[in-house]
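> Sequence below, structure please.
(2 chains)
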Amino acid sequence: MSNPSSNYFVATATIAAKLDYATKVAQRLSLTASNARALTLRAGQSAAGFRPLTDAIHRLSDITVSSSKKINAIAALLSKMSVEKHRADSAIRYFESAHRDLEGNRNASSLSGVYQLTKDTQAELAISYRKNLQQLAQELDAVEGELRSAVVLKTLCQVEASQAGAMYQDALDNVAENVESIASIIKEQIVFSRQQVAALQ
Amino acid sequence: MKAQKLYENNDHSWIVFGRDVDKPDAIIDTNQYMVVSKNNALLMDPGGIELFSAMLSAVIKEVPAQKITHLFASHQDPDIISSLGLWDLALRDSTLHSPWLWEGFIRHFGMQNITYDGIPDEGSRLQLDDVSLEFIPAHYLHSSGNFNVYDPKAKILMSGDIGAAIEGADAPMFVEDFNAHAQKMKMFHQRWMPSNKAKNDWVHRVRQLDIDMMCPQHGRIFKGDDVKRFLDWFEALEVGLTMDKHPA
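A predicted model of the protein is given here:
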């Protein structure tokens, strides 16, 4: 999208779609965490060092899923508000055009009430829109921070996988790769959304 | 957008809006109607989004916004009522009268303030101060949930798509030569009207009404003897002719 601020309702819908995708991907992290736990149980003592890491993967998964859901809800609300704001903006333009056209007509002032009401709605939507946009930016920053731990987690997992013996090393390495790859996909959506949000602010 | 008074007596008037020379060429020309009584006004088939700006100015030139307390949509088509989302901000306390069948569909155009009054299949009445208007069933002509508005005092029938013709924005407002005009209506009725049975039932019921003027949503208004000419022509016309255009 070349200029998100001129198409703000399309931009917010795009952000909402990206974050919806991020939420779905985050749910895959939860599956990876469960698989890792099952693997360490099967591997027994040889994967003892890996077990605490599965808790960390679960934690990362929980935080990512709940944050993604939260920011997705804000983005969906922003998208809805953008459409309402666009409708109010259009109505105000039409009311102003009618007012110019009706100059000198005895009924011209009859539109003043609805014009003011729509202006008020537009102003409320603008305030609420900015507030939600700011909140979305903060939430995106927070979840991005959490995702940074995925790289460390991957390295620790690889170290522990190498201690687990040949039978489980590949499977545990795969868990490590999954954690990083899922986190990377989510991060991609978050970075895109942050850029779009910054352009809208 | 031109406005022309069709009828006026001491308790109400009828106004037609149309022939908008500023409308984009690619959209079909439409006629909008308004009944104005002592304290209220009913705006009928107010049109699409593209027309909203011109229509808003045109109707406010006639009456203050607060006086437009009722809207009517004969059916759900975009050229009839896609401007609803904007009227919803302009006429917040008004009531939209439209077929019950289409409520869930029409609300897609945006309706947070206006009240929806679903017209039952058998039709109903609307009292506008001293004026009693009748919502006459015209189902399947062309929409499956469809109404006309009849004013017994003014002897005017707002007939929606019945009697419609596709013409340019410079066409006269009234039918002048019925036979010539019939050629402009033929394809519209044969293609858009799906049922001979529904058509003949409507013709039978409408013949019993006292009508001086029949006002369609597209094209020209029929006056006097042209109303009967139209009913005869429509009764004789085979409609719903599309299947023979396709290979079996």
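
> For the closest residue to chain A within chain B, give its distance to B:Ala58.
Nearest residue of chain B to chain A, counting by CB to the nearest CB: B:Pro64, 3.2 Å away. For every residue, glycine as well, the C-beta is placed using N, CA and C. Distance, B:Pro64 to B:Ala58, using CB to CB, to the nearest Å: 14 Å.

> try B:Gly85
Going from B:Gly85 to B:Ala58 by CB to CB gives 19 Å.

> Please work out which residue of chain A is closest to chain B.
Closest point on chain A to chain B, by CB to the nearest CB, is A:Ser110, at 3.2 Å.

> Would you mind confirming that the residue of chain B closest to chain A makes contact with A:Ser112?
No. Using CB atoms under 8 Å, B:Pro64 is not in contact with A:Ser112, being 10.3 Å away.

> packing partners for the helix or strand of chain B with the lowest mean pLDDT?
When each helix and strand of chain B is scored by mean pLDDT, DSSP states H and E, helix B:52-62 comes last, with a mean of 90. Contact here means 3 or more CB pairs under 8 Å, 6 or more residues apart in numbering or on different chains; DSSP states H and E; on that basis helix B:52-62 packs against helix A:51-101, strand B:2-8, strand B:13-18, strand B:32-36, strand B:41-44, helix B:84-90.

> Quick check: the residue nearest to the spatial centre of chain B vs B:Gln76, distance?
Chain B has B:Gly160 as the residue nearest its centroid, 3.3 Å off, counting by CA atoms, centre = their mean. From B:Gly160 over to B:Gln76 the distance is 12 Å, taken as CB to CB.

> near chain A, which residues of chain B show up?
Taking CB under 8 Å from any CB of the partner chain, the part of chain B that reaches chain A is made up of B:52-53, B:56-57, B:60-67, B:85-86, B:89-92, B:110.

> List only buried entries from the residues you listed.
Neighbour counting with 16 or more other CB atoms under 10 Å in any protein chain shown marks B:52-53, B:56-57, B:60-67, B:85-86, B:89-92, B:110 as buried within those.

> what comes up buried for the biggest helix by length in chain B?
For chain B, the helix with the greatest residue count under DSSP state H is helix B:178-192. Using 16+ other CB under 10 Å as the test for burial, helix B:178-192 gives B:Phe178, B:His181, B:Ala182, B:Lys184, B:Met185, B:Phe188, B:His189, B:Trp192.

> could the residues you listed be laid out in JSON lines, adding pLDDT?
Formatted as JSON lines, the buried residues of helix B:178-192 follow (pLDDT from 0 to 100):
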{"residue": "B:Phe178", "pLDDT": "97"}
{"residue": "B:His181", "pLDDT": "97"}
{"residue": "B:Ala182", "pLDDT": "96"}
{"residue": "B:Lys184", "pLDDT": "94"}
{"residue": "B:Met185", "pLDDT": "96"}
{"residue": "B:Phe188", "pLDDT": "93"}
{"residue": "B:His189", "pLDDT": "95"}
{"residue": "B:Trp192", "pLDDT": "94"}
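
> any idea which of those is closest to A:Leu133?
B:Trp192 (46.5 Å; CB to CB).

> Can you verify my assumption that the closest one contacts B:His142?
Yes. Using CB under 8 Å, B:Trp192 is in contact with B:His142, at 4.3 Å.

> so what's in contact with those two at the same time?
Common neighbours of B:Trp192 and B:His142, using CB atoms under 8 Å, 6 or more residues apart in numbering or on different chains, are B:Asp161.
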